[in-house]
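[1] Dropping the sequence and predicted coords here.
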Amino acid sequence: MNPNHHYIVATIKDWHIEAFKHYSKDLPGNWHLITDKAQLTPQFLRQISPKYIFFPHWSWIVPKEILTQFNCVCFHMTDLPYGRGGSPLQNLIARGHQETKLTALKMTEELDAGPIYLKSPLSLTGSAQQIFERSALLTAKMITSIVELQPEPTPQTGAVTHFNRRTPEQSEIQGNESLDKLYDVIRMLDAKSYPKAFLHYGDFTLHFENAQLTDDSLTASISISKREK
């Protein structure tokens, strides 16, 4: 690991920003954090000349000009090439997965299709917030490994499957779910800045979080707001 190298982490989520504050202090090199899309310009990146740009959680398409000039590494919460596409955490839980792999891959113009640096197992138990926080710690370890070992990414192999990005309407509780499924619907949407599972009741909308499942019952916190029409 060259102490003179520069590294950039681009993310918008609190859990990744908090993790960055810890590992960037302990690793050699010069570390930079980007949390605003406007900061990610070719001009700025050429000034920094980073060895790697890591994207732990980024919501925008990275321009081709940046992808072709820099080593851009993103992280996807599936065992790629299974589950390319949007809302991986929610799609995995909805399909009954209890474990997954966090994949670090080279960003290319085709979404989630780039060659892979490494994968690490990740449990899908608990709320979405708990899973995201676990993934942030795991991401920090994977970033450290990539910086230290500088592995060559290898092409994806196996059958390709795609996930569709979830829509807000899919967060509505239907009322015919089993308790297990209802628990999954609530917990997989229970994270900061994510729309909570909901149902309409008369002129009101009920939002659910903090779900706990026992053998034959489910408890959860409910907030109530006037229904938008």
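    Structure's in. What do you need?

[2] Any buried residues in the helix or strand bottoming out on mean pLDDT in the chain, and which?
    Least confident helix or strand, the chain: helix 14-26 with a mean of 90, by mean pLDDT, DSSP states H and E. When burial is assessed from 16 or more other Cβ atoms under 10 Å, helix 14-26 yields the following buried residues: D14, W15, H16, I17, A19, F20, Y23, S24. Glycine gets a C-beta too; all of them are placed from N, C-alpha and C.

[3] which one among the residues you listed gets closest to L122?
    W15 (13.4 Å; Cβ to Cβ).

[4] Distance-wise, check that closest one relative to M107.
    21 Å (Cβ to Cβ, to the nearest Å).

[5] Domains in the protein, by residue range?
    For the chain, the TED database gives the domain ranges 6-163, 168-226.

[6] winner for burial among those?
    Comparing the domains of the chain by mean neighbour count (mean count of other Cβ atoms under 10 Å), domain 6-163 comes out on top with a mean of 17.

[7] can you pull out the strands in the protein?
    6-11, 30-34, 52-57, 72-76, 84-85, 99-106, 116-123, 162-163, 197-201, 204-213, 218-226 (DSSP state E).

[8] CSV please, covering those strands and showing mean pLDDT and distance to T139.
    Conversion of the strands of the chain to CSV gives the following (pLDDT from 0 to 100; distance: least, Cβ to Cβ, whole Å):
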stretch, mean pLDDT, distance to T139
strand 6-11, 96, 9
strand 30-34, 95, 14
strand 52-57, 95, 5
strand 72-76, 97, 5
strand 84-85, 96, 19
strand 99-106, 98, 7
strand 116-123, 98, 9
strand 162-163, 96, 20
strand 197-201, 95, 26
strand 204-213, 96, 24
strand 218-226, 96, 28
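
[9] out of those strands, nearest to N176?
    Among the strands of the chain, if distance is taken as Cβ to Cβ, the winner is strand 197-201, at 11.7 Å.

[10] name the helices or strands packed onto that closest one?
    strand 204-213 (3 or more Cβ pairs under 8 Å, 6 or more residues apart in numbering; DSSP states H and E).

[11] Name the surrounding residues that touch the strand it packs on.
    Identification of contacts with strand 204-213 by Cβ atoms under 8 Å, 6 or more residues apart in numbering yields 127, 173, 179-180, 182-183, 186-187, 190, 196-200, 218-228.

[12] next one: stretch 141-148
    Outside stretch 141-148, the residues touching it (Cβ under 8 Å, 6+ apart) are 1, 7, 9, 23, 27, 29, 51-52, 54, 56, 73, 75, 102, 104, 117-118, 120, 151.

[13] still on that earlier bit, tell me the gap between the least confident helix or strand of the chain and the middle of its chain.
    Relative to its chain's centre, helix 14-26 lies at 15 Å (Cα atoms, centre = their mean, to the nearest Å).

[14] Appreciated, that's everything.
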